[in-house]
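Colleague: Fold the following, please.
(one chain, ligands or ions: 1)
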Amino acid sequence: MEIESTTHSRQSPLISVEGLRKEYSSGDQTVTAVDDVSFNIERGSIVGILGPNGAGKTTTIKSLLGLVEPNAGQVLINGVDVYENRRQVYNYVSAMLEGSRNAYWRLTVEENMSFFMSHRGINPRTNAEKRRRILEDLDLDEKANVPVRELSRGMKQKAALACVLAQETPILFLDEPTLGLDVEATRALRSHLSTLAEEDGRTIIISSHEMDTVQELCDRVIVMTNGSIAADKETQSFTDLFQAQTYQIEIEAAVAQKDRTAIQRRFDTAEFTEQGSKMVLTVRLEHGRELFELMDTLRERGVIPAKVDHVESDLEEAYLQVTQNRNDRAAMEGMTNG
Ligand SMILES: Nc1ncnc2c1ncn2[C@@H]1O[C@H](COP(=O)(O)OP(=O)(O)OP(=O)(O)O)[C@@H](O)[C@H]1O
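Modeller: Numbers count the residues shown, from 1 in each chain. Sure thing, here's the model as predicted:
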């Protein structure tokens, strides 16, 4: 399905979220699940929304889908206000929110796909080839005629994905799409989703705790903590941000315990590990000049570095740093406020 852009410029973001806030109340308790969240998503991009449990990811995605009504803010999809025109927006989006529960368990995999296609106005009779391609890509073709309830957990997940993919909407929301999939299926799904974005210009939003999938697939990551956005960056620049800061220093001889303690007192992220007759010091430094201070400290203690390397940072490391820092800060604020 192509998005018609009669009123909305092709240059404008496909999804625009501005000042989103959602509170849940029960009795006299109010939880602010999402607070002042704003971002735009361009056509054809694959965006990962990450964050610890309770960070507000599901609430944000449900707000984008019009499934929860926010207390404040605006969500536009292709220039259309989600809350004013839910029906119109429904034509643009499909979502897999709770994995395998998306499919009807009594129907076969292919019957499910046909059902969802008809629901979108796609004639299932003339689109068998499309279904076959999706089923092959997910390595589910041999199970096409098996009722979903008889499938393994991973295959149920694939069946749910097949239903979402068959709907051919320009925007896909996928919650934990690779959860429970084996290595091959994960690889096939990643490649299928990349092709959808690159060749068909589909826009894909993924919420996941599986960092490898997000790192490999997403152009951009939005990290949420405590209901707000802690980082919103292109995946590569997000991981690069932390790459320069972690060093591994190889030391030819063992380092005495008292010297290790002194170094760790000065650099609290320093960790020593033994590697045969050598030692490796891993340390995260906030500024470049701290590297010089570290070298001075090592020299004063008679510790001679043999080799200094940057540690390749991956998304998981960058993610942990951002969420950890935020949580530390929130805890500190809680202590000072309380
Ligand atoms: N229906 C609800 N009623 C009351 N509180 C809710 C409701 N839904 C979510 N919350 C609260 O809002 C906050 C954000 O929840 P949300 O489900 O959006 O987080 P999440 O990032 O998706 O978490 P997870 O990774 O565990 O799925 C949490 O404190 C949660 O307890």
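Colleague: give me the number of residues near Tyr83?
Modeller: 14 (other CB atoms under 10 Å). Any C-beta I mention is one placed from the backbone N, CA and C, and that applies to glycine too.
Colleague: what's the answer for the one 3 residues further on, then?
Modeller: Burial of Arg86 is recorded as 13 neighbouring residues (other CB under 10 Å).
Colleague: didn't Leu172 look like it was pressed against Val164?
Modeller: Yes. With the criterion set as CB atoms under 8 Å, Leu172 and Val164 qualify as a contacting pair; they are 6.1 Å apart.
Colleague: interface residues of the stretch 101-250 of the chain facing the ligand?
Modeller: Proximity of the stretch 101-250 of the chain to the ligand (CB under 6 Å from any ligand atom) involves no residue at all.
Colleague: any chance you could map the strands in the stretch 101-250 of the chain?
Modeller: Defined through DSSP state E, counting those that start in this stretch, the strands belonging to the stretch 101-250 of the chain, from first to last, are 171-175, 203-207, 220-225, 228-234, 246-251.
Colleague: And the last one, what's buried?
Modeller: Read that as strand 246-251. Thr246, Tyr247, Gln248, Ile249, Ile251 (16 or more other CB atoms under 10 Å).
Colleague: of those residues, closest to the ligand?
Modeller: If you rank the buried residues of strand 246-251 by distance to the ligand using CB to the nearest ligand atom, Thr246 comes first, at 26.4 Å.
Colleague: hang on, that closest one packs against Glu286?
Modeller: No. Taking contact to mean CB under 8 Å, the distance of 11.0 Å between Thr246 and Glu286 leaves them out of contact.
Colleague: Let me know the secondary structure of Val75.
Modeller: Per DSSP: H, G, I helix; E, B strand; the rest coil, the local secondary structure of Val75 is strand.
Colleague: and it, bridged to which residues?
Modeller: Val17 (DSSP bridges).
Colleague: Can you give me the distance of it to the ligand?
Modeller: For Val75, the distance to the ligand (CB to the nearest ligand atom, to the nearest Å) stands at 15 Å.
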